[in-house]
Structures are given as C-alpha cells and as structure tokens.
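S.K.: The sequence isn't on hand, but the structure is:
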C-alpha cells in the first residue's frame, strides 16, 4: 500500500498505505497467507453499510472474528487482502492466533520499516458480508494508530464492486456479475497494474493549458491531489505556493509545497481552484512505488459518488452535493504531531500565518480547542472547522507545566 498523512494546521494525514516486504514462505494470492472467500446473505447480491467521513478518510465498521466492529479506513492504497491493525490492548483482546511468519512494513516518510506479525485464518465482517480465510497484519503503533483502528482495502475492492454514496453516507458492496452501472454516471477507465489502479486526468495551468497526468487512485489519501513535479515536466509549482509539511506516512513526516492549481479535469468534469500538494522529490515514490505523476485522493473523489470496478477496470462518477464547494487548506498555519500515547504537540508553525501572529511555539502541547479537550480522532473528524475563513479559534497550549490560551483568526494561506 502507500501510506501518508500528517495533520496540517490541526491534522494533516497524507496517503494511507504501506509497502510490504514478504519473507520466503508459502503465500496465498497477492503474496499473503490468505484464501479469502466472500459470502453474502442468502438470496442477496449486495450489502450496504454506513460510513463516516473523517477529514476525507472513509471510516467503515469492520469486525474481526465476530468481535465488536472496529473503525477502519477503507483504502484503495492498500492493495493486499486482509486488515492492517496496530499492537496494543485492542488487538490483545482479540486473542488472535499468530503464525511464525512476519513481514516488513514501511511507507511514505523516509524512515525505516517495521516488523509486523501475521494472524492467518481470520474472518472479517462488513455489515452482513463475510470474508473468511483472511489475515490480520499487526504492526507496532505509530502516530497514525491514534486516528483509527485499522485499514482495509483489497479484501473488498479486488473482487467486488464498491459504491461510495457521499450523499447518503452509504457504501454498497456488490457481486460483480449482478452489477449495473449507476444511471447518469461518467465512466472513467482504470489502468490496473499489479496491485494498484491508475487513472488519467488533466491539470489546468494558470495559462489555461491542460497537462495530462497519470495518477494512483487512492481513497485513503485525504488530500485532493498530490503532484510529482519531477515526474512530469509539464507540471509547475503554482504562484503563491509555500513550503510545508504535507503529511505523515508510516515511516515519518513528508515535506513539500502546497499551492492552488487553476483546475483539474477528471472524466469530463472540471473542478476549479483545487488545492494541490507537491511532495519534495524524496517523497514522490515511496519505497520505490511507481507513483506515476502523483496521487488522486479523497479531497477530489469525495465530491463524487464513486463506484469502483477493479475487475472491469472502470470507475463511475456522479457529482454529489459537495461538487461545487470551494477547495481549502488549513487556515491556522500550525502543524501538530501526534505521539504514540495520543498527546498532540506543535511540530511546526508557518511564518506569517495566524498561528505565528498569535505566538504559537513549536514544542507546545495542545490541550484543548475552544475549551474542548483535544483528541486526535475528534480533530480529524472536525478538520473542516479549521478551514472557515474569519472564524476565531481558541487554543489551549501547555509548556513546562503551564497552560495558556491563544486566539487565532482563520484566514486563507493559499
């Protein structure tokens, strides 16, 4: 998979995904010890579940071995079957049967890989849908583990048609042989290479010229679009772009620039004023992944009701109620880092931003926002509140055991 994300001006995550290096052992499909079998309720060809949108992460309830459902990210950047979980009390309570095999898990961010344990033979549940013969991949905790319980990907999209209805907050999983395309949808071809899907799109420059791009399709990424300047000579950093942390991957922080492109074309649709990220060259191809010209994330895909048919190599798009909304970025100018125990600390302050003007300092701990205790998951869910121009936000910060409050008036930085 390809994992990224930070917490810009209050939580900027990048793309969720990780790269797996497998040892030599008897492996199932896609190199993992799985023999997955999908089961629908008798007489049914589709199952629907409600999802929540946490800052462009699609969170769905997934059970492991019939335990209470976990809050998992649905991520097309996770191209292998099974679920990714994190070490800790939650996994301990599942009493998983681990085998002797391990995998190396790494991702975007430039750091090293981590050893993960494998528990084969688990059964996953998504609503009334059952996936038996799967695997739980359990890795050490990272800052990302404070934002969700786990990640699921290929177990759902590899053989099923996945429809994401943002208007109703409903995800529907359908047997492919029973699938019919949505009425009025735009059909967009997908290029499926190995374990990843790519889509062709167009980036509109300030001069109106459209540059064709080939992007990884990544519903696990919270940005709108990430563009690799080194990969495509037709791409340019837009005027007014600024250097920033743009996300956190499994292996550490990602840096780059943030800027507003004139437009973005996808399947005959043109979106204007799109905020894009431009990773530094070191982060353009995490773990050697062919990331093409970049990565298409939830900030754009979330403006459509999306249907994914990987077997048929097609995606279907229907504009939803968010289609015409303005694209925005964090308006505080502060980036926070989440510790392994869920503590939130100021990692960087953008010069000239509201946070800089208010005297926010790196190293301070964030205790509360508008008087409400700061919790990583809540901040991710409510990220939109930090993108409301003119709104005042009160941060409670702690340094050397002393608390203080600072008031920020939000304004656009890009």
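M.R.: That came in fine, so what should we check first? These figures come from a predicted structure and were not determined experimentally.
S.K.: Confirm for me that residue 125 is in contact with residue 63.
M.R.: Yes - between residue 125 and residue 63 there is a contact at 3.8 Å, judged by CB atoms under 8 Å. Quick note: C-beta positions are derived from backbone N, CA and C, even for glycine.
S.K.: Find residues that contact each of the two.
M.R.: Residues touching both residue 125 and residue 63 by CB atoms under 8 Å, 6 or more residues apart in numbering: residue 69.
S.K.: The top helix by length along the chain - contacts with which helices or strands?
M.R.: When the chain is parsed with DSSP state H, its longest helix is helix 376-381. Helices and strands touching helix 376-381, by 3 or more CB pairs under 8 Å, 6 or more residues apart in numbering; DSSP states H and E, are strand 5-7, strand 11-13, strand 52-54.
S.K.: Show me how far the last one is from its chain's centre.
M.R.: When distances are taken as CA atoms, centre = their mean, to the nearest Å, strand 52-54 is centred 11 Å away from the chain's centroid.
S.K.: repeat for stretch 115-132
M.R.: In terms of CA atoms, centre = their mean, the centre of stretch 115-132 is set 21 Å apart from its chain centre.
S.K.: can you pull the buried residues of that stretch?
M.R.: For stretch 115-132, a neighbour-count test (16 or more other CB atoms under 10 Å) marks 116-127, 129-131 as buried.
S.K.: now, which of the residues you listed lie within strands?
M.R.: Members of the buried residues of stretch 115-132 lying in strands (criterion: DSSP state E): 116-126, 129-131.
S.K.: what packs against the helix or strand hosting residue 264?
M.R.: Per DSSP states H and E: residue 264 is located in strand 252-266. Counting contacts by 3+ CB pairs under 8 Å, 6+ apart, strand 252-266 is packed against strand 196-204, strand 225-227, strand 242-249, strand 269-279.
S.K.: redo that, cut-off 6 Å
M.R.: The contact analysis (3 or more CB pairs under 6 Å, 6 or more residues apart in numbering; DSSP states H and E) places strand 252-266 against strand 196-204, strand 242-249, strand 269-279.
S.K.: That strand pairs with which strands, and in what direction?
M.R.: strand 196-204 (antiparallel), strand 242-249 (antiparallel), strand 269-279 (antiparallel) (DSSP bridges).
S.K.: Go ahead and name everything in contact with that strand.
M.R.: With contacts defined as CB atoms under 6 Å, 6 or more residues apart in numbering, strand 252-266 is touched by 4, 14, 108-111, 201-204, 206, 237-238, 241, 243-247, 270-280, 283, 329, 414.
S.K.: Buried only: go through these for me.
M.R.: Neighbour counting by 16+ other CB under 10 Å classes 4, 14, 108-110, 201, 203-204, 237-238, 241, 244-247, 271, 274-279, 283, 329, 414 among the contacts of strand 252-266 as buried.
S.K.: Isn't residue 52 up against residue 59?
M.R.: Yes - between residue 52 and residue 59 there is a contact under CB atoms under 6 Å: 4.5 Å.
S.K.: Looking at the two now, which is surrounded by more residues?
M.R.: Counted by other CB atoms under 10 Å, residue 52 and residue 59 do not tie: residue 59 has more neighbours, with 22 against 12.
S.K.: Please tell me I have it right and that one contacts residue 49.
M.R.: No - taking CB under 6 Å as the definition, residue 59 is not a contact partner of residue 49, at 10.6 Å.
S.K.: Count the residues that sit near the nearest residue to residue 228 once chain neighbours are set aside.
M.R.: Spatial nearest neighbour of residue 228, excluding adjacent residues (CB to CB, 6 or more residues apart in numbering): residue 284 at 4.3 Å. Counted with other CB under 10 Å, the neighbours of residue 284 add up to 22.
S.K.: Give me the local confidence score for residue 284.
M.R.: Residue 284 is assigned 87 on the pLDDT scale.
S.K.: do you know how far it is from residue 93?
M.R.: Residue 284 is 39 Å from residue 93, where distance means CB to CB, to the nearest Å.
S.K.: how close does residue 395 sit to residue 388?
M.R.: Distance of residue 395 to residue 388, given as CB to CB: 15 Å.
S.K.: Compare these two (neighbour count), which wins?
M.R.: The neighbour comparison of residue 395 against residue 388 (other CB under 10 Å) goes to residue 395, with 23 against 12.
S.K.: contacting residues around the more buried one?
M.R.: When contacts are counted by CB under 6 Å, 6+ apart, residue 395 touches residue 406.
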